[in-house]
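Asker: sequence first, then the predicted structure:
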Amino acid sequence: MLTFNVEISDWKFSLDKNKVKFWINQVVNIEKKVVARIDYNFVSDDELLEMNKKFLKHNYYTDVLTFSENRGNRLAGDIAISIHRVKENAALIKTTFDQELKRVIIHGILHLCGYNDSTDKEKETMRKRESKYLMIYPV
């Protein structure tokens, strides 16, 4: 089960939930995993900063946090995304908000699939996987 919760009142954006769910399930299948329960929460910068401080002891803004409750190949967890940070990052890297949002959505899934991005090598692997999966997003 995949759910999408918008917890930010000052931002309106559209998300084709059926397309995103189909896409996520494709990616998860390719990674030889199964979706058990994944909840996406779209929040403000400040809310994600507070989560980052509370749960990870990091005092900086980020675009996505992933909290895994996986059981073997069954993916379960919460993915929190800062809509403000996605907008800012999109402008910085000169891409669209929608494209950056898709990248962050799949970034969270890749974390649930076991990918990390702490080292340069891990970051490179993560970026390659993101790019690969962005190319199969249904049109």
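Answerer: Everything's here; your move.
Asker: make it CA atoms for all contacts and neighbour counts henceforth
Answerer: Will do.
Asker: helix or strand for residue 25, which one?
Answerer: According to DSSP states H and E, residue 25 maps onto helix 17-30.
Asker: for that helix, what is the distance to the chain centroid?
Answerer: From the chain centre to the centre of helix 17-30 is a distance of 13 Å (Cα atoms, centre = their mean, to the nearest Å).
Asker: buried set for that helix?
Answerer: 20, 23-28 (16 or more other Cα atoms under 10 Å).
Asker: other SSEs contacting it?
Answerer: Using 3 or more Cα pairs under 8 Å, 6 or more residues apart in numbering; DSSP states H and E as the contact test, the elements touching helix 17-30 are strand 34-43, helix 97-112.
Asker: just to revisit the earlier point, take the buried residues of helix 17-30 and lay them out in JSON lines including pLDDT.
Answerer: Listed next are the buried residues of helix 17-30 as JSON lines, based on pLDDT from 0 to 100:
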{"residue": "20", "pLDDT": "97"}
{"residue": "23", "pLDDT": "97"}
{"residue": "24", "pLDDT": "98"}
{"residue": "25", "pLDDT": "97"}
{"residue": "26", "pLDDT": "97"}
{"residue": "27", "pLDDT": "98"}
{"residue": "28", "pLDDT": "98"}
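Asker: identify, from these, the entry nearest to residue 91.
Answerer: Residue 91 has its nearest neighbour among the buried residues of helix 17-30 in residue 20, at 22.4 Å by Cα to Cα.
Asker: quick check: which element contains the closest residue to the closest one other than its chain neighbours?
Answerer: Nearest residue to residue 20 in three dimensions, chain neighbours excluded: residue 137, at 7.9 Å (Cα to Cα, 6 or more residues apart in numbering). Under DSSP H and E, no helix or strand contains residue 137.
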